[in-house]
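Asker: Return atomic coordinates for the entry below.
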Amino acid sequence: MNQCTSNLLMIRPASFQYNLQTAESNDYQTKTLLSKEEAVAKAQAEFDAMVEILEQNEISVWVVEDTDEPEKPDAVFPNNWISMHQNGDIYMFPMKTPNRSAERRADIISFIQDNFEVNEVFDWSHFEKDALALEGTGSMVFDHVNRKIYACISTRTSEKLFNKFCKELEYEPIVFNAFKRNGAAQYHTNVVMCIGEDFAVVCLDAITNKAEKTEVKNSLLEGGFEIIEITQEQLEEHYAGNMLQVYNEKRLSYLVMSERAFKCLTTHQINQIEAHTEIIAVPIYFIEEVGGGSARCMMAEIFIEENV
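Answerer: From the prediction side, this is the model:
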């Protein structure tokens, strides 16, 4: 069982803009004075630069263009609606808002099926009728090796669905609550933490319940991870928890993060990370500010084997 993958699905945005529908539960988003056309052009430029940096490091990126209609302001963050697993299964997840539900596209599933050895496709979108959401690897952070999944509960992460998903995949659920300094719930787990091969970057201070904090910490230590702690300020102002470790074609590993996140790290934190993996920092300032998500959100891992 691999902890990381070398294939990434990324969606090039066609209608990137401030998303009014998601702003209610994501106060990381900031309105922009740019026109829609200007915002899309700026987001596309950052996206293209990020893909180029990943490919320069021989990381395999599968880019799909977003469609113009219907408008999907957050399509650049595909990790929320799809997960692709090592047994060949694909899961499509229920989203909290209608314009994010529209991101689930049959042609993207067909694209994956054409290029990878897909087993079954499980569509959980029907849970939206019950107003339940489980937003993929935004809601859930996987420890594949130890078969555990971490999730902080929010309006975008139903505990009921999370437990059902863990039971179906036979993973142990690690449930907790995480909060910003202003008392608001953290909207996604992958903002709070990331798990690599043998390290975990996590903001334990965001977990205010002592018992839950102890459970998360002990679970990570039991899994053999070095815990690299980040502060609330690094989390909230710089997206320092929103990272993803990936392999390139030569099986060299990299921790992908935004330039904003990298610049906030202390020398000690960088040394801790670089003891395990190299760092790739990508400049995506506009996508972060307006979209309220960062580098990890833009990459959906493809664990399925490629077609020969």
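Asker: quick one: the helices in this structure?
Answerer: Along the chain, the stretches classed as helices by DSSP state H are 20-23, 36-56, 98-101, 106-115, 136-139, 159-169, 189-192, 210-222, 232-238, 259-264, 267-274, 285-291.
Asker: ok, of those, where does mean pLDDT dip lowest?
Answerer: Least confident of the helices of the chain, judged by mean pLDDT, is helix 20-23 with a mean of 61.
Asker: list the contacts for V282?
Answerer: E46, A49, M50, I53, L54, V256, M257, S258, E259, A295 (CB atoms under 8 Å, 6 or more residues apart in numbering). C-betas here are computed from N, CA, C, even on glycine.
Asker: Does T30 touch V290 like I think?
Answerer: Yes. T30 sits in contact with V290 when judged by CB atoms under 8 Å, with a separation of 6.1 Å.
Asker: Put the alpha carbons of stretch 188-201 into CSV.
Answerer: Extracted in CSV, the C-alpha atoms of stretch 188-201 (Å, rounded to 0.1, in the frame of the first residue of the first chain):
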residue,chain,number,x,y,z
HIS,A,188,-11.7,21.1,5.6
THR,A,189,-9.3,18.6,7.3
ASN,A,190,-6.6,19.1,4.6
VAL,A,191,-6.2,22.7,5.8
VAL,A,192,-5.3,21.5,9.2
MET,A,193,-2.9,18.6,8.4
CYS,A,194,-1.1,16.6,5.8
ILE,A,195,0.3,13.1,6.1
GLY,A,196,3.4,12.0,4.2
GLU,A,197,5.4,8.7,4.1
ASP,A,198,6.9,9.1,7.5
PHE,A,199,6.0,12.6,8.7
ALA,A,200,2.8,14.6,9.4
VAL,A,201,2.4,18.4,9.2
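Asker: quick one on the thing from earlier: in PyMOL, how would I select the buried members of the contacts of V282?
Answerer: Of these, the buried ones can be selected in PyMOL as follows, counting by 16 or more other CB atoms under 10 Å:
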select buried, resi 46+50+53+54+256+257+258+259+295
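Asker: now the contacts of V282 in a markdown table, with distance to N115?
Answerer: Below are those laid out as a markdown table (distance: CB to CB, whole Å):
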| residue | distance to N115 |
| --- | --- |
| E46 | 25 |
| A49 | 24 |
| M50 | 21 |
| I53 | 22 |
| L54 | 17 |
| V256 | 21 |
| M257 | 27 |
| S258 | 28 |
| E259 | 30 |
| A295 | 23 |
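Asker: for N209, what are its contacts?
Answerer: F176, N177.
Asker: again, 10 Å this time
Answerer: N209 is in contact with F176, N177, A178, F179, E215, V216, counting by CB atoms under 10 Å, 6 or more residues apart in numbering.
Asker: Kindly report the same for H238.
Answerer: 230-231, 257-265, 288, 294 are the contacts of H238 under CB under 10 Å, 6+ apart.
Asker: swap in R12?
Answerer: Shown in contact with R12 (CB under 10 Å, 6+ apart): A43, Q44, F47, D48, V51, V63, V64, E65, D66, A75, V76.
Asker: related to what we said a few turns ago, just name the most buried of the helices of the chain.
Answerer: Stretch with highest mean neighbour count among the helices of the chain: helix 189-192 (a mean of 28; mean count of other CB atoms under 10 Å).
Asker: and that one, what does it pack onto?
Answerer: Applying 3 or more CB pairs under 10 Å, 6 or more residues apart in numbering; DSSP states H and E, one finds that helix 189-192 contacts helix 136-139, strand 141-143, strand 148-152, strand 172-176, helix 232-238.
Asker: partners of the shortest one, with directions?
Answerer: Think strand 141-143. strand 148-152 (antiparallel) (DSSP bridges).
Asker: quick one, the partner strand and helix 210-222 angle?
Answerer: 150 degrees (axes from the mean of the first three to the mean of the last three CA atoms, to 10 degrees).
Asker: returning to that earlier point: can you tell me which of the helices of the chain comes nearest to P70?
Answerer: helix 98-101 (7.1 Å; CB to CB).
Asker: who touches that closest one?
Answerer: 15, 19-22, 70-75, 77, 80-81, 92-95, 125, 128, 133, 135, 156.
Asker: That helix: how far from the chain's middle?
Answerer: Helix 98-101 sits 17 Å away from the centroid of its parent chain (CA atoms, centre = their mean, to the nearest Å).
Asker: Can I get it as PDB, trimmed to CA atoms?
Answerer: Taking Å, rounded to 0.1, in the frame of the first residue of the first chain, the C-alpha atoms of helix 98-101 are listed here in PDB:
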ATOM      1  CA  PRO A  98     -24.800  23.200  -6.000                       C
ATOM      2  CA  ASN A  99     -22.100  24.900  -8.100                       C
ATOM      3  CA  ARG A 100     -19.500  22.500  -6.600                       C
ATOM      4  CA  SER A 101     -21.800  19.500  -7.300                       C
END
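Asker: No further questions, thank you.
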